[in-house]
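Enquirer: 3D, please:
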Amino acid sequence: MRKRSSKKPPAKDVNQIAAEILAAAIGQPSEETAKGEKNPAAVALGRLGGLKGGKERAKRLSAAKRSEIAKKAARARWGKRST
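Expert: Numbering: from 1, shown residues only. Next up, the predicted model:
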């Protein structure tokens, strides 16, 4: 499978670069590092929901509805091919 090209982050302004240098010089964390921190409890809850999501949904669907969803997915998957 072909890898997708990644988007380059926008170029930083001279003022942004200067602010980062100043923050590093005086020992303050930059805004980017402060934004990157995540709440561990929220991460655990999100992971928990993601782990059981598909199985729980499949349990609640009838066999006919699951079959319909699978057929639609197959049509979408194989319908894209142009040979």
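Enquirer: Touching the host helix or strand of residue 67 from outside, list them.
Expert: Here residue 67, judged by DSSP states H and E, is contained in helix 63-79. Helix 63-79 is contacted from outside by 58, 61, using C-beta atoms under 8 Å, 6 or more residues apart in numbering. Just so you know, the C-beta spots here come from the backbone N, C-alpha and C atoms, and that holds for glycine as well.
Enquirer: Lowest-scoring secondary structure element of the protein by mean pLDDT?
Expert: helix 31-35 (a mean of 60; mean pLDDT, DSSP states H and E).
Enquirer: re the thing from before, pLDDT on the helix holding residue 67, on average?
Expert: For helix 63-79, the mean per-residue pLDDT is 92.
Enquirer: send the alpha carbons of that helix over as CSV?
Expert: The C-alpha coordinates for helix 63-79 follow below in CSV (Å, rounded to 0.1, in the frame of the first residue of the first chain):
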residue,chain,number,x,y,z
ALA,A,63,-28.3,-10.4,11.7
ALA,A,64,-30.1,-8.8,8.8
LYS,A,65,-28.7,-5.3,9.6
ARG,A,66,-25.2,-6.6,10.1
SER,A,67,-25.4,-8.3,6.7
GLU,A,68,-26.7,-5.1,5.1
ILE,A,69,-23.8,-3.1,6.5
ALA,A,70,-21.3,-5.8,5.3
LYS,A,71,-22.7,-5.8,1.8
LYS,A,72,-22.6,-2.0,1.7
ALA,A,73,-18.9,-2.0,2.8
ALA,A,74,-18.0,-4.6,0.2
ARG,A,75,-19.7,-2.6,-2.5
ALA,A,76,-17.8,0.5,-1.4
ARG,A,77,-14.5,-1.4,-1.2
TRP,A,78,-14.7,-3.2,-4.5
GLY,A,79,-16.6,-0.6,-6.4
